[in-house]
Structures are given as structure tokens and as C-alpha cells.
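Novice: okay, structure incoming, though there's no sequence with it:
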């Protein structure tokens, strides 16, 4: 990280970080969307006017404001305006509906709710009014798609000075139960964004991109990176390929990505015209949020002619490790990178005993980027160990060089006749099969074995028919142990995914095929 970025990274609050960046490079662009652009100076000044408008609506420091908005310049302005006020923000992914949104509003105690009106055919305002009738306290709903509150900044109180107060409530996906509200501070979000920025070796000449919902924890992660290094990003309200390619090319994007699913989508487009570079200016794909099979790394580098760096993060800790572009191909393909200074990783057994390098165990984390716990104190119980390390539920090991290798999740371990089987190991092998586009391996209940191994496969266009016998033969040839071989194969048109980073929803597969 260069000296300027390092100095800015010490900012106490997100607003202080924006103010300092705007003073340094007020005329440089920061947000690009279609034919619109906004500079760092404009971002600060307009956010402050929006903050004054919110103040006129009654929003004060500590007010809880939920917002459910797509990835737009206006959304970033609203979020930074709330940071200027010192309000508590509760971002909600725009694809969520009554159940998840109602839970977030009730649990957070939100007094205000910003919505996009009717967006992509769904009336969010009507939903907000419907849900308000079920809440114990009044809810002020306002539309903030393209018409933000406005006012004179002279009415505003001083900006917040503490970066360690909880001012952010992010929501886990709630795929198997009610979502969990994850508590973050300005400093934890700045620390997460600093990790990402430090690892990627970016410069003011880069052009990034946000193709994911800004309401995801990756939103502030990426915003911090822009503020630290002073470069712009292209925002996509709706991301779909090949439609989005024109915007990548028009703005000269150098860094793109999001998650493994995004890499695969870019690869699919590249394969339509192998001799032409898909995005001429692109030099780096980067992301996280879901496991990356080694074959995906090699395919991107070989076929797209760009580097791929992948990291490890979660709603509770937005950035934990990240691959560095100048690392070895082996490390970039097979590990999640290394943690930055200030992030401690322990690999332990089930009792918390620290394990030596190259020994699989449970991943535990401690550092400034780690959340403060959950909104519901009962959910926080047992999440941190006696030394303050977050118990992630992920499995993996550290190499001698300090790189983290994830081998699965506790809930992703299949127990067949008393033997533990890693779903990720089988998935990595199947990703190399030419008739496999994407795959999820899950354990299904079985009276004889306890669980059986089921491979659910999404095939690429034009692929040969896949059979269980053929799959087993292939895995045997790859050296997979006999007791790990799948006993069931399901071929689907598309694996179920979430709307944020397009992670595969394995719980739906278990429910469907059990």
C-alpha cells in the first residue's frame, strides 16, 4: 500500500476517509454509470446535501435507517450521507421480499426505510407500506431511486468522531432460518477494504467495477478501496453478460470480478471469440465469497490472458485473505491468499487447540475487520472463543508460507459410514471434467450409510450426456478414494444461486433431493 493510501487507511470514520480523499483529488472521477460520472469532490459535497435533507426528515445520529436499493450512484450518495450523520444503516439486498425485509425491519427497529419505488417489476413502496402495518413503531418510508432528499449542510451537526460505534447492520442470507444481523463499525469496514486494496496492488490509473448489489458487505469494501487509491469504478444496476460488456469496454475497466460465478460467466463469453480479448483493457479478475476451483484459475489465465486473484471473506469479516497478483500460480490457484497485517488466523481442533501448518482444522479469526457480533445477543453466544477469535465454521489449513487453504465447511462435510468426506475435494475434481460447467456435491440422508454422496451438475452448452457410471470412472482415474465416489448424479439446467454473489444454495439441493 502506498504512503497516501496507508495514511488514509488510518481514518477513524468512513466520512473522514471520504473528506480526506476529496481534499486530495477533488476533480478525479469516482463513480461511473452509463453516461453519468461523479468526482470525489462532488461525492463529498452532494452526500453532505443529502445528509442535510435526511436531517430535515428527522434522521439524527443513531437513528436506524434501513435501505433496499439497487447499485446506483444515488445509493452510494445516500449511504455516505447516513455515514455523515452518524446514523445506523441497515442495508437490505434489493431482491429480498416480505419475509426477509419484514424481519430486518423488525429486528433492527428501523424508523426510516428508503426504497426504489417500483423496480424490475416489483413495487417496493407497496411492500414497505404493507410491512409497516405489522411493525410495533411507526416507519417513515421514502423513495430514493433518483430523487434524494436535499438540504443546506449548515444545519448539520458535527460529523461523527468515533469509528468504533456500531453503525452498520448487515444481514446474512437467511437461507435455512431467519437472517442474522451482523454488527459492523466504520473501522471494521475500513479495515476490510484496506485488506482488499493492499493485496491487489491497485493504482490511481485503474478502473474498477461493481457488478454486485451495493447492499452486500462488498459494497463498503469496494468503496473504501476507491477512496484509499483514488480511482473510479463502473456501477451496474443490472449485471448480465453479454449486455454489460459494452460498459466495461466504454469505460476501459482494468479490474473486474465478483465471485467464482462471475469468472465463469466471463469465460463463457471469451470462448465465443477465443482470438479476441473480451475486454481489451482488463488486466485482473478479483473476487471472493465462494470457493474457487483451481481449474477456473488456470482457464481464466490461459484463455482470457489476465491474472485472477481470489480471496476469502464473509458478512462477519468482509475481507480475511486475498491473493496477490504477483504471487505464484500455484498459490493463486490452490489457496485463498494470505491475511494482511492485523488479521490473525488460527487453525484449531474442535477444542480450540492450535494445529500446526498443513493440518486441517477449524478456521478462527481475530482482527479489526471482524464484526462486533450479532444483533441478537443469543446468536453471538459461542461465536467467539475465550481469546476473542471468531469461530467461522470453515475448515482449512495454513501452509508454511502463511497461505490459507479452505477445504470446506463443517456443514459441508459428508459423513458416509463414519468417514468424513469433503464435498469441495470432489467438486474441484469434477470442475476439470469437460462435460461439467458447474457442480455442487451434497450429502443426502441414507438409512444404510448415514449419508450418500450426490453430485448435482450444470452442464455447458453442447456438452456430451453425463452418466453416473461415466462420472465415477472419471473420478477413479483422477485418484479419488472409493469411499468418496458419488452414488447419485442429478443434472440440472441451472444450480440455484443467491442474488448477491451468485453462490450456490446447497440447502435447496438437499431439500430437493432428500
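Specialist: Perfect, I can see it now. Note that the coordinates shown come from a computational prediction; the quantities given were computed from them, not determined experimentally.

Novice: which SS class is the residue sitting furthest away from the middle of the chain?
Specialist: In the chain, counting by C-alpha atoms, centre = their mean, residue 448 sits farthest out from the average C-alpha position, at 38.6 Å. At residue 448 the chain is in coil, as set by DSSP: H, G, I helix; E, B strand; the rest coil.

Novice: gap between it and residue 416?
Specialist: Applying C-beta to C-beta, to the nearest Å, the value for residue 448 to residue 416 is 10 Å. In short, each C-beta sits where N, CA and C put it, glycine included.

Novice: element containing residue 262?
Specialist: Using DSSP states H and E, the element containing residue 262 is helix 260-270.

Novice: quick one: contacts for residue 28?
Specialist: By C-beta atoms under 8 Å, 6 or more residues apart in numbering, the contact list for residue 28 reads 39-40, 204, 230-232.

Novice: pull up the gap between the residue nearest to residue 188 when sequence neighbours are not counted and residue 386, please.
Specialist: Distances taken as C-beta to C-beta, 6 or more residues apart in numbering place residue 369 nearest to residue 188, at 5.4 Å, with adjacent residues excluded. Distance, residue 369 to residue 386, by C-beta to C-beta: 21 Å.

Novice: pull the number of nearby residues for the closest residue in space to residue 41 that isn't next to it in sequence.
Specialist: With sequence-adjacent residues excluded and distances taken as C-beta to C-beta, 6+ apart, residue 41 is closest to residue 26, at 3.0 Å. By other C-beta atoms under 10 Å, 14 other residues sit near residue 26.

Novice: can you check the pLDDT for residue 26?
Specialist: Each residue has a pLDDT score; the one for residue 26 is 98.

Novice: repeat for residue 449
Specialist: For residue 449, the model assigns a pLDDT of 82.

Novice: same check, this time on residue 314
Specialist: So, for residue 314, pLDDT stands at 91.

Novice: what about it, distance to residue 184?
Specialist: For residue 314, the distance to residue 184 (C-beta to C-beta) stands at 12 Å.

Novice: follow-up on the earlier one: which of the contacts of residue 28 ranks first by neighbour count?
Specialist: Going by other C-beta under 10 Å, residue 40 tops the contacts of residue 28 with 25 neighbours.

Novice: that residue: what's it in contact with?
Specialist: Per C-beta under 8 Å, 6+ apart, neighbours of residue 40: 18, 21-22, 24-30, 227, 230.

Novice: and those, which of them are in strands?
Specialist: 29-30 (DSSP state E).

Novice: mind giving me JSON lines with the contacts of residue 40 and columns for distance to residue 440?
Specialist: Formatted as JSON lines, these follow (distance: C-beta to C-beta, whole Å):
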{"residue": "18", "distance to residue 440": "40"}
{"residue": "21", "distance to residue 440": "41"}
{"residue": "22", "distance to residue 440": "44"}
{"residue": "24", "distance to residue 440": "46"}
{"residue": "25", "distance to residue 440": "44"}
{"residue": "26", "distance to residue 440": "47"}
{"residue": "27", "distance to residue 440": "48"}
{"residue": "28", "distance to residue 440": "43"}
{"residue": "29", "distance to residue 440": "40"}
{"residue": "30", "distance to residue 440": "37"}
{"residue": "227", "distance to residue 440": "37"}
{"residue": "230", "distance to residue 440": "40"}
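
Novice: going by distance to residue 157, which of the contacts of residue 40 wins?
Specialist: residue 18 (17.1 Å; C-beta to C-beta).

Novice: what pLDDT is listed against the residue nearest to the closest one when sequence neighbours are not counted?
Specialist: Closest residue to residue 18 in three dimensions, ignoring its sequence neighbours and counting by C-beta to C-beta, 6+ apart: residue 44, at 5.4 Å. On pLDDT, residue 44 comes in at 98.

Novice: same check on the one 4 residues further on?
Specialist: Model confidence at residue 48, given as pLDDT, is 98.

Novice: count of neighbours near residue 431?
Specialist: 20.

Novice: with residue 249 instead?
Specialist: Neighbours of residue 249 (other C-beta under 10 Å): 14.

Novice: show me what contacts it?
Specialist: If you count contacts by C-beta under 8 Å, 6+ apart, residue 249 has them with 279-281.

Novice: of these - the most surrounded one?
Specialist: The most crowded member of the contacts of residue 249, judged by other C-beta under 10 Å, is residue 279 (20 neighbours).

Novice: wait, a helix at that residue?
Specialist: No - under three-state DSSP, residue 279 sits outside any helix and is assigned coil.

Novice: can you pull out the residues in contact with whichever strand or helix holds residue 475?
Specialist: Assigned by DSSP H and E, residue 475 belongs to helix 468-477. Residues outside helix 468-477 that contact it (C-beta under 8 Å, 6+ apart): 426, 429-430, 433, 455, 457, 482, 484-489.

Novice: can we see that at 10 Å?
Specialist: With contact meaning C-beta atoms under 10 Å, 6 or more residues apart in numbering, helix 468-477 is reached by 426, 429-430, 432-436, 439, 455, 457, 464, 466-467, 480-482, 484-491.

Novice: so which of those are in helices?
Specialist: The helices in this structure, assigned by DSSP state H, contain 426, 429-430 from the contacts of helix 468-477.

Novice: tell me which of those is nearest to residue 152?
Specialist: residue 430 (60.2 Å).

Novice: give me every residue that touches that closest one.
Specialist: Applying C-beta under 10 Å, 6+ apart, the residues near residue 430 are 293, 295, 436, 438-441, 455, 457, 466, 471, 474-475, 478, 480, 486.

Novice: drop anything exposed from those.
Specialist: Buried members of the contacts of residue 430, counted by 16 or more other C-beta atoms under 10 Å: 293, 295, 436, 438-441, 455, 457, 466, 471, 474-475, 480, 486.

Novice: dump the contacts of residue 249 to a markdown table, plus pLDDT and distance to residue 62.
Specialist: Output for these, formatted as a markdown table (pLDDT from 0 to 100; distance: C-beta to C-beta, whole Å):
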| residue | pLDDT | distance to residue 62 |
| --- | --- | --- |
| 279 | 98 | 44 |
| 280 | 98 | 48 |
| 281 | 98 | 44 |
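
Novice: of the residues you listed, closest to residue 394?
Specialist: residue 279 (32.2 Å).

Novice: between the contacts of residue 249, which is nearest residue 3?
Specialist: The closest of the contacts of residue 249 to residue 3 turns out to be residue 281 (C-beta to C-beta; 26.9 Å).

Novice: list the contacts for residue 320?
Specialist: Contacts of residue 320 by C-beta under 10 Å, 6+ apart are 192, 195, 288, 311-314, 336-337, 339-340, 343, 345, 363, 365, 367, 369-370, 390, 392, 394, 404.

Novice: about what we covered before: from residue 150, how far out is the residue nearest to residue 41?
Specialist: Between residue 26 and residue 150 the computed distance is 20 Å (C-beta to C-beta).

Novice: could you do residue 510 as well?
Specialist: 49 Å.

Novice: higher neighbour count, these two?
Specialist: residue 510 (18 against 13).

Novice: so what pLDDT did the closest residue to residue 485 other than its chain neighbours get?
Specialist: Distance criterion C-beta to C-beta, 6+ apart; nearest residue to residue 485, sequence neighbours excluded, is residue 472 at 5.2 Å. The per-residue pLDDT reported for residue 472 equals 94.

Novice: before we move on, what about residue 480?
Specialist: 86.

Novice: and it, what is it in contact with?
Specialist: Neighbour list for residue 480: 421, 425-426, 429-430, 472, 474, 486 [criterion: C-beta under 10 Å, 6+ apart].
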